[in-house]
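[1] Could you look at this predicted model? Sequence included:
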Amino acid sequence: MNTYSVLMLLSFGITAGLTPLVAKLACRLGAIDHPGERKVHTRATPRLGGLAIFLGVLLPQFSLFILDNRIGRLFREQLSVIGAVVAATGIVFLLGVIDDIKPLRAPIKFAAQLAAASLLYHWGFRIESIAMPYFSSVKFGIMAYPVTMLWLVGITNALNFLDGIDGAAAGVAAIAAFAIANGTDPAGETTTWIFAAGIVGATLGFLLYNSHPARIFMGDSGALFLGFLLAAVSIPSTQKATAVLAMAVPIAALALPIVDTTLAVARRIARRKSVFSGDALHVHHRLLRMGINHPGAALVIYGMSAFSAMVALTLAHSQRATLLFAAVYMVLFFLVVMKSINALKLKD
C-alpha cells in the first residue's frame, strides 16, 4: 500500500472518530443550525463539523516527518510550501469556526478570505498564465493577482454555496480532490497529492455522519476550508503542468459549484440585490422542488461532479485530437443540465 493510500486511510479514521466528539462540542458552544426559510433541514443540527475535517486532513501529515521514503523526503523538502498552504487555509478555517459559533456579516467573511488569498499569492501561489488548446499560452501579467484572487475566493464560496443539502459539499470535495490529484504526476506534485489524499479520506469519513439524515453539518468551518484548500493545491500544478489545457482539470472537477455560483451572482445582480444575499434558487433547492428526495438530490449532484471529473481526467491525459471534443462536450452537457434545472420556476 503506497504512502498516499495510508494518508487517506488515516484521514478517514481520524475524521470518523472525531466527528461525534465535535458534534457534542458544537452543542456546548451553541454552534447549532436551526431550520429556517431557506434551509432544507427540519430539525436543529450541530455544525462545526469542519473541525473534524480540518484535523483529519492535517494530523496524518505529521507521520511524514519520520517516514523514510521518497514521499517523506519530498514532504520535508517542500515543508515551506506546505506550511504556506496550512497557514492560509488555517486563517479561512478559523474564520469559519467563528462564523459557525456566532454568524458574521458576509462582507467581513469576504475580506478575511481575500486577506488569506493575498497571503498565499505573496507566498508564490499565482495563476500567471493558462495554456489553451491549439493556441499559445495566455499570460496574465499584472492581471495575475485579480485572476488568482477570483480563483481562490470564488472556489471557496462556490463550495460553501453547495453546502445546502446533506452530504453534497463533502461528496463533491472528495470527487474534485481525486480528479485534481490524478490530473497531475504523483512523483512531481507531492503537495497536491498529500492534501488531496487528506481531503478524500476526511470527507468520506465525515460522510458517515453527514449523509441524509445528517447528524452534523460541516458548517462554514468545513466548507470554506475545503473550498480554499482545493483552490490552493490546484494552483502549483497549473504552473508546472505540461498539459495543453493547464487549468482544465481543476475547472472541470469543480464545474458544478462554479456554474451554480456564477448563476447565483448573475441572478442577484439582475435583480439588483446584494451578491451576498441568500436565496432558495441553488441547484440543490431546485432538485428538491422537482420532487427528488435528499439522498436522490445528493446522488444527482455526485453524478454531475463525477462526470465532470472524468472529463477533467480525459482532458489531462488525452491527445490533442480528443481534447477539444471532450471540452466542448462537457460545456454542452452542463448547459443542457442547468437549462433543465433552471426550467423549474421558483420564487424567493
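    That came in fine, so what should we check first?
[2] can you tell me the helix or strand for Trp151?
    In this structure, Trp151 sits in helix 144-162 according to DSSP states H and E.
[3] Check which helices and strands that helix sits against.
    helix 106-122, helix 168-182, helix 219-240, helix 255-270 (3 or more Cβ pairs under 8 Å, 6 or more residues apart in numbering; DSSP states H and E). Quick note: C-beta positions are derived from backbone N, CA and C, even for glycine.
[4] Of those helices, which is nearest Cys27?
    helix 219-240 (12.9 Å; Cβ to Cβ).
[5] Distance from that closest one to the middle of the chain?
    6 Å (Cα atoms, centre = their mean, to the nearest Å).
[6] which SS class is the residue of the chain most remote from its centre?
    Among residues of the chain, the one most distant from the C-alpha centroid is Asp68; the distance is 31.0 Å, by Cα atoms, centre = their mean. Secondary structure, DSSP: H, G, I helix; E, B strand; the rest coil: Asp68 is coil.
[7] ok, back up a step: list the buried residues for the helix holding Trp151?
    145, 148-149, 151-162 (16 or more other Cβ atoms under 10 Å).
[8] May I have that helix exported as CSV, CA atoms only?
    The C-alpha atoms that make up helix 144-162 are tabulated as CSV, following Å, rounded to 0.1, in the frame of the first residue of the first chain:
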residue,chain,number,x,y,z
ALA,A,144,-2.3,37.6,-12.3
TYR,A,145,-3.3,39.0,-8.9
PRO,A,146,-7.0,39.6,-9.6
VAL,A,147,-7.3,36.3,-11.5
THR,A,148,-5.7,34.4,-8.6
MET,A,149,-8.0,36.1,-6.1
LEU,A,150,-11.0,35.3,-8.2
TRP,A,151,-10.0,31.6,-8.3
LEU,A,152,-9.2,31.3,-4.6
VAL,A,153,-12.1,33.3,-3.2
GLY,A,154,-14.5,32.1,-5.9
ILE,A,155,-14.0,28.4,-5.4
THR,A,156,-14.0,28.9,-1.6
ASN,A,157,-17.5,30.4,-1.7
ALA,A,158,-18.7,28.1,-4.6
LEU,A,159,-18.3,25.0,-2.4
ASN,A,160,-19.9,26.9,0.5
PHE,A,161,-23.0,27.6,-1.6
LEU,A,162,-23.2,24.0,-2.4
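[9] can you count the residues close to Gly83?
    Number of residues near Gly83 (other Cβ atoms under 10 Å) recorded here: 11.
[10] Check the gap between it and Val97 for me.
    As for Gly83, its distance to Val97 is 20 Å (criterion: Cβ to Cβ, to the nearest Å).
[11] ditto for Gly227
    15 Å.
[12] which of the two has more neighbours?
    It is Gly227, of Gly227 and Val97, that has more neighbours when counted by other Cβ under 10 Å, with 33 against 22.
[13] Now do the contacts for the residue lying closest to the more buried one once chain neighbours are set aside.
    Nearest non-adjacent residue to Gly227, counting by Cβ to Cβ, 6 or more residues apart in numbering: Leu159, 3.4 Å away. Applying Cβ atoms under 8 Å, 6 or more residues apart in numbering to Leu159 gives the contacts Ala169, Val172, Ala173, Ala223, Leu224, Leu226, Gly227, Leu230, Leu254, Pro257.
[14] let's see 10 Å
    Taking Cβ atoms under 10 Å, 6 or more residues apart in numbering, we find Leu159 in contact with 168-170, 172-173, 176, 218, 222-231, 254, 256-258, 260-261.
[15] And it, what's its pLDDT?
    Note for Leu159: predicted pLDDT of 89.
[16] Repeat that for Leu288.
    For Leu288, pLDDT reads 72.
[17] Can you name every helix or strand that the helix or strand encompassing it contacts?
    Remark: Leu288 resides in helix 283-289, with elements defined by DSSP H and E. Judged by 3 or more Cβ pairs under 10 Å, 6 or more residues apart in numbering; DSSP states H and E, helix 283-289 is in contact with helix 144-162, helix 168-182, helix 255-270, helix 294-317, helix 320-342.
[18] how about those helices in JSON lines, adding distance to Phe110?
    Formatted as JSON lines, the helices and strands packed on helix 283-289 follow (distance: least, Cβ to Cβ, whole Å):
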{"stretch": "helix 144-162", "distance to Phe110": "7"}
{"stretch": "helix 168-182", "distance to Phe110": "19"}
{"stretch": "helix 255-270", "distance to Phe110": "12"}
{"stretch": "helix 294-317", "distance to Phe110": "25"}
{"stretch": "helix 320-342", "distance to Phe110": "25"}
